[in-house]
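Visitor: for reference, the sequence and a predicted model appear below.
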Protein chains: 2
Amino acid sequence: MDLRQTLQAARVAARRLASLTGPERGNLLGDFASALCEPAAKAAVLAANARDMGAAREEEKAGRLGSALVKRLSLDEDKLATTVDGIRQLARMPELLGRTLTHRVLDHGLILKRQSVPLGVLGVVFEARPDALVQITSLAWKSGNAVALKGGREAAESNRALTKVAHGVLAKHGIDPAAMVLLEARAEVDSLLGTDDLVEMVVARGSSEFIRYVRSHTRIPVMAHADGICHLYLHSSADPAVAARVAVDAKCSYPAACNAMETLLWDAGAGAALDACVRALAERQVELRGCAETCKRHPHMKVAVEEDWRTEYGALILSIRQVPDLAAALAHIAQYGSRHTDAIVATDAEAASRFLAEVDAACVFHNASTRFSDGYRFGLGAEVGISTDKLHARGPVGVEGLLSYRWLLYGRGQCTTDYGPQGRHYIHKDLPID
Amino acid sequence: MDLRQTLQAARVAARRLASLTGPERGNLLGDFASALCEPAAKAAVLAANARDMGAAREEEKAGRLGSALVKRLSLDEDKLATTVDGIRQLARMPELLGRTLTHRVLDHGLILKRQSVPLGVLGVVFEARPDALVQITSLAWKSGNAVALKGGREAAESNRALTKVAHGVLAKHGIDPAAMVLLEARAEVDSLLGTDDLVEMVVARGSSEFIRYVRSHTRIPVMAHADGICHLYLHSSADPAVAARVAVDAKCSYPAACNAMETLLWDAGAGAALDACVRALAERQVELRGCAETCKRHPHMKVAVEEDWRTEYGALILSIRQVPDLAAALAHIAQYGSRHTDAIVATDAEAASRFLAEVDAACVFHNASTRFSDGYRFGLGAEVGISTDKLHARGPVGVEGLLSYRWLLYGRGQCTTDYGPQGRHYIHKDLPID
């Protein structure tokens, strides 16, 4: 079956997925969670991931794969349990399909409703991260969308095992497994990008370079989950203990994540906070690279070069730069940031409020780790990605980012020519939403 | 000044526009309305339009321009008054910038807010319709965005005169007129499409062919306002009087509009309703083109060919096709429709409800004219276009379609590693929205 036929079948299957009632949808997701916990399925998934990991570790030794990729690839019992917990949370979340978003009287007997609907078929291209396949599939089902997935090749065996489980669950619920398509060849991505009459949205997760490639090769709307060059700025009013805690979490809790900090900016007046951070980060074996001013204060540090300010290390490396003031911090972030997540540590409320108002990023935090930038932590249940775009959905994208809406108008034979200066007038009164 | 510099200046000016308070923004819009009513300005605008119209009528006579285009180009006292009324309505509408969209407790002392923000700089390419320039500019100001506009070349003089008025109003309010850029050369559109680091969204209004061109030549997200191939379906339960009223409004009230009906579908059991429509439309000099079955009943009619089902006439021409049942009507609309606006005339509630549930279009109506598909009529104040996309905004697009949002998190030094099975738990409780 060629890709177009596959996607045609996915479109048909999507309609069935979309027509599930809320409780039916909850059961579908609940069964997905249960199926992943069933001993034989779980063993098969973990064994498949072990094979992927074995091959990846060989590649890593040979210097062909980075350690960040290998960490993201791993799917152990704990990560699987967390992922399954995410599906159950999503199952319990209120049904978002068919919701009335606007309910307005245009005139007596002329009622307008805006109603949430699925998009149709989604194409998702993502890194070698098997737990992402599960999250994306669950979100697609929760939002009534079919999905064509292409994961990183390093996760091929894991993805195949997980897809087998998902297909079994769909079949059990009378839904054509065509609703979830696993693509395995890189060439299929290029074919997918050409199907703008069948696919409603492409979610592209990867490097800025990859996102540019996708955008240049498709007419399908793209939701990009690109680089995260996240900053933490220590204002002169920063509390050193808070600064150190937040910096360690932002850098060390999962350095391979896109919401990890890559650059620490410090105000000339925030020396004590910087020192606390440097001490705490050095204890955690973080490689620190400082600008000239930073190295003057901490002479043991490597010297950062221009390229460092543009780099997403995805590893225990951090660049550090002194800035003369808040305005300079804002300018640095505007120039080098990726509009993902940036945070300020400050006790001065005015400085914090200016930082939150002026940084043009999806997520801007005060006295909190950049790592909070996450669909699960934000209470969205799960995430299909963290959008660095401004349109449609921004930041962590949950179910709502996979929905569209339609306008429905209920009349009694009204005509637009009935209205006007000499005729009837619109009432435009909003009614309560059900 | 080259286009990149122009757009850089627009970005800076956009920040000032975005920072206006609600009342300041209302005054800015109110002054735009007043300035367009000021006798000298109004005379200049109408005179400019008269020059555009003179040239266009020559082109029309020579067969180089269609009558639909000439109608859209015209800006008389009445159309200007309606447009000015639209600005005043927009001025009075509540401020939508800086609104809290989500307000959630993640944990004690860890508060998440989602806040509406402008997009930045918009690029808008639209047809030769001077009133559209005014609507788009007003919506850009109301949403705090700078805008680069390229209208159809036939409206060049009108657009220049209107832009002069708008620039004067911006300057009076201390906003750099760089916030509103009028592009005049076609080549500038291609340059604009290459500025994905400066422009956040391109609104493209035009033919499907033009939209495809735009999408293939830019990495900037595109909001498309493409063809409207709108259908009216007469169900066997249709009331003939309602059918005729709605059909006449949908076809004749403004045939050049994208929300005008292009194809009438009738159920074999809706013969009386069809007859009523044919009678009423013939009285209004509409050229009717029927399928074989339709022509059997109305032998005087021209015969429609396959191409007719795909055509947006934009004129007093209508194609008519008999369909065996509701399912066939849905199939015809799925195949030939442009997902813009489709309507059913029916007294049978079940048929109407199935039609509204199954037609995949931005707007789906029951017993109402397709011409209601409009931002002003829907109560949005004005529209930047009618989006035939599913992402970001669908159907008539008002201020909300020109906004994005940011996630703001207020903490006290929290770290993600504080949370987990052995640690703290997220509360995820939504608070009332201000």
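Guide: Right, received. Where do you want to start? Numbering: from 1, shown residues only, chains lettered A, B, ... in the order given.
Visitor: you'd agree A:R406 is up against B:R394?
Guide: Yes. In this structure, A:R406 is within contact of B:R394 by Cβ atoms under 8 Å, at 6.9 Å. Yep, even glycine has a C-beta here, placed from its N, CA and C like the rest.
Visitor: so what sits against both of the two?
Guide: B:A362 (Cβ atoms under 8 Å, 6 or more residues apart in numbering or on different chains).
Visitor: wasn't A:I320 part of a helix?
Guide: No. A:I320 is assigned strand when assessed by DSSP: H, G, I helix; E, B strand; the rest coil, not a helix.
Visitor: from A:I136, how far off is A:R51?
Guide: 22 Å (Cβ to Cβ, to the nearest Å).
Visitor: okay, these two: which has more neighbours?
Guide: A:I136 (25 against 13; other Cβ atoms under 10 Å in any protein chain shown).
Visitor: pretty sure that one contacts A:R129?
Guide: No. When contacts are counted by Cβ under 8 Å, A:I136 is not listed as touching A:R129 (9.9 Å).
Visitor: so where's the longest helix in chain A?
Guide: In chain A, with assignment by DSSP state H, the single longest helix is helix A:39-61.
Visitor: buried residues in the helix or strand just after it?
Guide: Sequence-wise, the next helix or strand downstream of helix A:39-61 (DSSP states H and E) is helix A:67-73. In terms of neighbour count (16 or more other Cβ atoms under 10 Å in any protein chain shown), helix A:67-73 has its buried residues at A:68-73.
Visitor: beyond helix A:67-73, next helix or strand please.
Guide: Next along the chain from helix A:67-73, counting by DSSP H and E, comes helix A:77-92.
Visitor: adjacent strands (with direction) for the next helix-or-strand element following that next one?
Guide: From helix A:77-92 onward toward the C-terminus, using DSSP H and E, the following helix or strand is strand A:100-107. Its sheet considered, strand A:100-107 pairs with strand A:110-118 (antiparallel), strand A:429-430 (antiparallel) by DSSP bridges.
Visitor: need the winner for burial among the ones you listed.
Guide: Neighbour counts averaged per stretch over the strands paired with strand A:100-107 are highest for strand A:110-118, at a mean of 21; criterion: mean count of other Cβ atoms under 10 Å in any protein chain shown.
Visitor: what's the spacing between the helix or strand that it is followed by and its chain's center?
Guide: Scanning forward in sequence from strand A:110-118 by DSSP H and E, the next helix or strand is strand A:121-125. In terms of Cα atoms, centre = their mean, to the nearest Å, the centre of strand A:121-125 is set 14 Å apart from its chain centre.
Visitor: does strand A:121-125 reach chain B?
Guide: No. Between strand A:121-125 and chain B, judged by Cβ under 8 Å from any Cβ of the partner chain, nothing touches; the nearest distance is 10.9 Å.
Visitor: what would the buried residues of helix A:67-73 look like in CSV with distance to chain B?
Guide: CSV is the format used below for those (distance: Cβ to the nearest Cβ, whole Å):
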residue, distance to chain B
A:A68, 18
A:L69, 21
A:V70, 21
A:K71, 16
A:R72, 17
A:L73, 21
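Visitor: follow-up on the earlier one: tell me the buried residues in the longest helix of chain A?
Guide: For helix A:39-61, by 16+ other Cβ under 10 Å, it's A:41-42, A:44-46, A:48-49, A:52-53, A:56, A:60.
Visitor: ditto for stretch A:352-359
Guide: A:352, A:354-356, A:359.
Visitor: now, which of these lie within strands?
Guide: Per DSSP state E, strands hold no members of those.
Visitor: which single one of these is nearest to A:Q5?
Guide: A:V359 (46.5 Å; Cβ to Cβ).
Visitor: thinking again about what came up before, now flag whichever of the buried residues of helix A:39-61 is closest to chain B.
Guide: A:K42 (18.4 Å; Cβ to the nearest Cβ).
Visitor: my read: that closest one touches A:A33, true?
Guide: No. Contact criterion Cβ under 8 Å: A:K42 and A:A33 do not qualify, at 11.5 Å.
Visitor: how much space is there between the closest residue to A:V345 other than its chain neighbours and A:W266?
Guide: Among residues not flanking A:V345 along the chain, A:A238 sits closest, at 4.2 Å (Cβ to Cβ, 6 or more residues apart in numbering or on different chains). For A:A238, the distance to A:W266 under the criterion Cβ to Cβ works out to 8 Å.
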